[in-house]
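1. fold the following.
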Amino acid sequence: MAKPFPVSDSSFETDVLDSDRPVLVDFWADWCGPCKMIAPIVDDLANEYEGSLSVAKLDADDNPNTMQAYQVMGIPTLILFKGGKAVERITGYMPKERLLEKLSPHLN
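-> Predicted structure coming up:
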């Protein structure tokens, strides 16, 4: 079963921007209630799209450089990167069906 992998300021370029497949990055923090609500959905996506989508988690408190570089002002924020570019951004909690509506066009 695939699980999201941790990513940091130092590994972001290699793990996300240089990836040969789309990468969904979950910007989160331990103290964030909505982050905890969306975490099981993010885990499901990692498992269901194994092989076609990588899923990463970036701790907002520990990685301020990446947070600033992508102007992440609120969490949870999910950003889908494809070919090294941010192609979709989702801020705040939303049900899995709505998430998939936004992500699916980029996963074909």
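2. burial count for Thr66?
-> Neighbour count of Thr66, defined by other CB atoms under 10 Å: 23. In short, each C-beta sits where N, CA and C put it, glycine included.
3. for Arg21, same thing?
-> Using other CB under 10 Å, Arg21 has 13 other residues around it.
4. tell me which element the residue nearest the centre of the chain is part of?
-> For the chain, the residue nearest the mean C-alpha position is Val25 (1.8 Å; CA atoms, centre = their mean). Using DSSP states H and E, Val25 maps to strand 23-28.
5. what is that strand packed up against?
-> Judged by 3 or more CB pairs under 8 Å, 6 or more residues apart in numbering; DSSP states H and E, strand 23-28 is in contact with helix 33-48, strand 54-59, strand 77-82.
6. what sits up against the helix or strand just after the last one?
-> Scanning the chain past strand 77-82 towards its C-terminal end, the next helix or strand to appear is strand 85-91 (assignment: DSSP H and E). Strand 85-91 is touched from outside by 22, 70, 74, 76-81, 99, 102-103, 106, with contacts defined as CB atoms under 8 Å, 6 or more residues apart in numbering.
7. sheet-wise, list the partners of strand 85-91 with their directions.
-> Each strand paired with strand 85-91, and its direction, by DSSP bridges: strand 77-82 (antiparallel).
8. tell me the mean pLDDT over the partner strand?
-> What strand 77-82 shows for mean pLDDT is 98.
9. repeat that for stretch 12-32.
-> For stretch 12-32, mean pLDDT is 97.
10. go ahead and name everything in contact with that stretch.
-> Contacts of stretch 12-32 (CB under 8 Å, 6+ apart): 4-5, 7, 35, 38-39, 42, 45, 52-61, 63, 66-67, 70, 72, 75-82, 84, 87, 103, 106-107.
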